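> Predicted model and sequence follow; I will ask about them next.
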Amino acid sequence: MTPTASSTIGQIHELLADRRYSVEDQGNGVLRVTDVDSGLALQAVLQGQILYFSLPCATVPAARITPAVMRKMLAADNGISTSYFQIYDTGDGSLTITLNNFCKLQQLDADDRDDILSCVGFVLADVLPARELIGQDIQ
């Protein structure tokens, strides 16, 4: 029997809460996950069998996202090896830069649970270097 999206998001919620994350169900397959030690919060979104994680790094006026900043974000040697950047238009002339990761869930077995915890850990580990990488150029 294939698990439903609501049962899967419930199991993900339980897994993360068991690992000392504060987890809030936002509805529609979305969780807000906060690392209680650092206070860093990310969003987990389940779409089909893919669980996406996203953590905002900065929101800045669009003009501050220059080609030089983009090159740093896309460079293979930028030090962000397990996560990736995305840029979202906020609709008010600003852009939000997020750090992201994802995993594909199969049966929510031990391997999937390990993948979920690894993805959260990767984003949290990468966010400080990511903010430093882009920070000097967007201030």
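Received, thanks.

> Quick one: distance of the helix or strand hosting residue 11 to the chain centre.
Residue 11 is part of helix 5-18, with elements assigned from DSSP states H and E. Helix 5-18 sits 16 Å away from the centroid of its parent chain (CA atoms, centre = their mean, to the nearest Å).

> Between helix 5-18 and the very next helix or strand once past that helix, find me the angle.
Scanning forward in sequence from helix 5-18, with DSSP H and E defining helices and strands, the next element found is strand 21-27. Strand 21-27 and helix 5-18 are oriented at 160 degrees to each other (axes from the mean of the first three to the mean of the last three CA atoms, to 10 degrees).

> Which other helices and strands does the helix holding residue 11 contact?
Using 3 or more CB pairs under 8 Å, 6 or more residues apart in numbering; DSSP states H and E as the contact criterion, the neighbours of helix 5-18 among helices and strands are strand 21-27, strand 30-35, strand 41-47, helix 110-138. Where you see a C-beta, it was placed from the backbone N, CA and C, and this is true even at glycine.

> So which of those is nearest residue 72?
Shortest separation from residue 72 across these is recorded for helix 110-138, at 5.7 Å, computed as CB to CB.

> Pull out the buried positions in that closest one.
112-113, 115-117, 119-120, 122-124, 126-127, 130, 133-134, 137-138 (16 or more other CB atoms under 10 Å).

> Next: stretch 76-95.
80, 83, 84, 85, 94, 95.

> wait, isn't residue 120 in contact with residue 21?
Yes - taking CB atoms under 8 Å as the contact criterion, residue 120 and residue 21 are neighbours in contact, 7.2 Å apart.
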